[in-house]
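Engineer: Build me a model:
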Amino acid sequence: MSTITSAPASSPGFGAALVRRETLRLCTAGSVDDGKSTFVGRLLHDTHSVLADQLAAVERTSTERGFQGLDLSLLVDGLRAEREQGITIDVAYRYFSTPARTFILADTPGHVQYTRNTVTGMSTSQAVVLLVDARHGIVEQTRRHLTVAGLLGINHLVLAVNKIDLVGFSEEVFHAIEAEFVALARELDIEHVRVVPISALHGDNVAQPSTRMAWYEGPTVLGVLEAIPVDAGRAQRLPLRFPVQHVIREHAQDYRGYAGRVDAGRVSVGEEIVTPGGRTARVSHIDTADGPAKEARAGQSVVLRLDREIDVVRGDLLATDPPRTTRSFPATVVGVSESPLRPGTLVKVRYGTALEKTRITADAPVGLNDVARVTVEVARPLPVEPYAARGAVGAFLLIDATTGDTLAAGLVAAP
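Structural biologist: Got it, this is the predicted structure:
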């Protein structure tokens with residue numbers, strides 16, 4: 001387990017650091033009633049990221065409900081259905097900052113029937129904060145969320161052992177939960193794990209150090225988050241992956257360009273790329289909405305022009321060091337539809353911009369929010385490769401061939 005120390009709130013050159021603050025994307029997850037909304041509300045409150053009128057509204061509602069003090073969960077449980085039931089359903093994105101950096105936080109639902117929403121929130125995150133109730137410890141939904149984080153390639157996990165005050169700030173309880181969680185994370189090859197005892201309700205070790213746990217000498221949750229290296233993910237470090245979204249032809253100007261998004265790597269004018277047929281060409285121009293460019297990086301939508309005419313159509317992959325094509329590959333899928341994904345049924349797979357007929361092999365139908373290992377059999381060979389963290393490559397959708405409904409989201413697994 002790596003050691004993560006807290007970043008200082010202020011330092012020499014603070015003014016310059018404020019201008020170039022990095023942004024960390026993170027996600028909260030956990031089981032029902034583990035206190036995620038209160039935790040997020042506490043983060044927003046203690047980093048002074050709440051407007052005065054919002055705080056006043058929370059104070060009024062807390063008083064009306066007979067709540068002792070502030071019910072900080074009201075800051076994030078925004079949907080009416082959530083407020084009536086006291087749960088979080090949708091993925092709520094929140095923004096806050098400290099002198100060290102800015103944060104984009106996805107607060108995801110805890111109920112098992114909303115696992116697909118949690119996958120959405122985690123898919124763009126660099127770190128995950130999992131919450132558990134100190135009274136209950138690691139539960140099945142905690143394991144499920146931990147597994148999803150591992151499948152998505154997230155390497156920075158913080159376990160916040162919440163409601164530690166309800167077990168008398170017990171060091172023994174905390175260390176038992178810590179040992180179990182670290183062992184589970186190790187099985188999933190998650191590299192960076194930190195476990196912090198907190199009370200989101202009272203603010204202990206969320207943004208401010210607790211004075212009631214002398215036995216804990218580590219950083220607060222916020223301190224851990226401030227120290228996690230901000231990385232663009234593997235997308236920038238992988239070879240070029242450019243799925244062609246549209247072929248642009250302007251015969252009057254003898255213009256032929258390939259529009260798409262750089263899913264991984266980077267591409268420069270003059271660089272040699274490889275087409276699905278194995279032919280090579282060099283990039284002669286890179287056109288963007290702001291005019292010509294010499295280079296494009298992961299995440300940018302551009303039009304590539306090549307130095308020769310080659311047979312490229314929508315769905316083809318332009319690449320450097322391209323992946324091998326295959327008609328069969330292992331994958332992990334998450335059911336996202338009320339209609340189950342049934343083994344052997346003809347469906348369609350959307351991989352990048354390609355859309356092909358396919359069937360899956362699985363032990364059982366994949367229902368809504370189920371997570372399953374399957375084998376995908378494709379009618380035409382596709383250039384697939386194992387999923388890379390933060391959606392660079394290896395993600396796909398399985399679609400009902402008749403209705404067009406999305407049945408499952410999938411990640412290509414290593415062979």
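
Engineer: contacts and neighbour counts: CA atoms only from here.
Structural biologist: Fine.

Engineer: Could you pull out the helices in the stretch 201-350 of the chain for me?
Structural biologist: Assigned by DSSP state H, counting those that start in this stretch, the stretch 201-350 of the chain shows helices spanning 221-227.

Engineer: got any ranges where it has weak pLDDT?
Structural biologist: 231-236, 251-252 (pLDDT under 70).

Engineer: Could I get the full set of strands for it?
Structural biologist: Shown for the stretch 201-350 of the chain, the strands assigned by DSSP state E, counting those that start in this stretch span residues 241-250, 255-261, 266-268, 272-274, 280-288, 291-293, 295-297, 301-306, 317-319, 326-335, 347-351.

Engineer: care to break the protein down by domain?
Structural biologist: 23-231, 235-319, 325-412 (the TED database).

Engineer: can these go into a markdown table with extra columns for mean neighbour count?
Structural biologist: Formatted as a markdown table, those follow (neighbours: other C-alpha atoms under 10 Å):
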| stretch | mean neighbour count |
| --- | --- |
| domain 23-231 | 19 |
| domain 235-319 | 17 |
| domain 325-412 | 19 |
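
Engineer: if we can go back for a sec, which stretch among the strands of the stretch 201-350 of the chain comes nearest Tyr387?
Structural biologist: Of all the strands of the stretch 201-350 of the chain, strand 326-335 sits nearest to Tyr387, with 9.1 Å by C-alpha to C-alpha.

Engineer: what pairs with that closest one, and is each one parallel or antiparallel?
Structural biologist: strand 371-382 (antiparallel), strand 406-412 (antiparallel) (DSSP bridges).

Engineer: The first one - what's its average pLDDT?
Structural biologist: Taken as a whole, strand 371-382 has a mean pLDDT of 92.

Engineer: That one versus strand 347-351: what angle between them?
Structural biologist: Strand 371-382 and strand 347-351 are oriented at 80 degrees to each other (axes from the mean of the first three to the mean of the last three C-alpha atoms, to 10 degrees).

Engineer: CA atoms only for strand 371-382, dumped as CSV, please.
Structural biologist: What follows is strand 371-382, C-alpha atoms only, in CSV (Å, rounded to 0.1, in the frame of the first residue of the first chain):
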residue,chain,number,x,y,z
VAL,A,371,-22.0,-7.4,-14.0
ALA,A,372,-20.8,-10.4,-15.9
ARG,A,373,-17.9,-11.9,-17.8
VAL,A,374,-18.8,-12.9,-21.4
THR,A,375,-17.3,-13.8,-24.7
VAL,A,376,-18.2,-11.6,-27.7
GLU,A,377,-18.4,-13.2,-31.2
VAL,A,378,-18.4,-10.7,-34.0
ALA,A,379,-19.5,-11.2,-37.6
ARG,A,380,-16.6,-9.1,-39.0
PRO,A,381,-13.2,-8.9,-37.5
LEU,A,382,-12.7,-5.8,-35.3
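
Engineer: With adjacent residues omitted, what lies nearest to Val58?
Structural biologist: In space, and not counting its chain neighbours, Val58 is closest to Leu74: 6.3 Å by C-alpha to C-alpha, 6 or more residues apart in numbering.

Engineer: if I pick the one you found, what's in contact with it?
Structural biologist: Neighbouring residues of Leu74 by C-alpha atoms under 8 Å, 6 or more residues apart in numbering: Ser37, Thr38, Gly41, Val58, Arg83.

Engineer: and the fourth one, which of the three is it?
Structural biologist: Three-state secondary structure (criterion: DSSP: H, G, I helix; E, B strand; the rest coil) places Val58 in helix.

Engineer: Help me confirm that it comes into contact with Leu70.
Structural biologist: Yes: counting by C-alpha atoms under 8 Å, Val58 does reach Leu70; the two are 6.9 Å apart.

Engineer: out of the contacts of Leu74, who's nearest Ser328?
Structural biologist: Ser37 (41.8 Å).

Engineer: How about the backbone phi and psi for the closest one?
Structural biologist: Torsion angles at Ser37 (phi, psi; degrees, to the nearest 10) stand at phi -60, psi -40.

Engineer: Ignoring the adjacent residues along the chain, who's closest to it?
Structural biologist: Per C-alpha to C-alpha, 6+ apart, closest to Ser37 is Ser73, 4.6 Å.

Engineer: Then Asp287?
Structural biologist: Val303 (5.0 Å).

Engineer: just Thr220 next, same as before
Structural biologist: Nearest one to Thr220, counting by C-alpha to C-alpha, 6+ apart, is Asn205 at 4.5 Å.

Engineer: which residues sit in contact with that neighbour?
Structural biologist: Listed by C-alpha under 8 Å, 6+ apart, the contact partners of Asn205 are Val196, Pro197, Ile198, Ser199, Pro219, Thr220, Val221.

Engineer: re earlier: please convert the contacts of Leu74 to CSV, extending it with distance to Thr403 and pLDDT.
Structural biologist: Compiled in CSV, the contacts of Leu74 are given as follows (distance: C-alpha to C-alpha, whole Å; pLDDT from 0 to 100):
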residue, distance to Thr403, pLDDT
Ser37, 36, 81
Thr38, 40, 86
Gly41, 41, 87
Val58, 44, 74
Arg83, 34, 40
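
Engineer: Quick check: the two most widely separated of the residues you listed?
Structural biologist: Gly41 and Arg83 (14.2 Å).

Engineer: quick one: the residue nearest to Ser37 from Ser301, how far?
Structural biologist: Distance, Ser73 to Ser301, using C-alpha to C-alpha, to the nearest Å: 38 Å.

Engineer: which residues does Ser97 bridge with?
Structural biologist: The partner residues for Ser97, given DSSP bridges, come to Thr102.

Engineer: so it sits right up against Ser49, yeah?
Structural biologist: Yes: counting by C-alpha under 8 Å, Ser49 is a contact partner of Ser97 at 7.3 Å.

Engineer: Please identify every residue contacting each of those two.
Structural biologist: Shared contacts of Ser97 and Ser49 (C-alpha under 8 Å, 6+ apart): none.

Engineer: a strand runs through Leu55, doesn't it?
Structural biologist: No: counting by three-state DSSP, Leu55 is not part of a strand but helix.

Engineer: For Arg266, see how far away it is.
Structural biologist: On the measure of C-alpha to C-alpha, Leu55 and Arg266 end up 45 Å apart.

Engineer: ok, now Val206?
Structural biologist: 38 Å.

Engineer: Name all residues that make contact with Ala379.
Structural biologist: Contacts for Ala379 (C-alpha under 8 Å, 6+ apart) come out as Arg327, Glu356, Lys357, Thr358.
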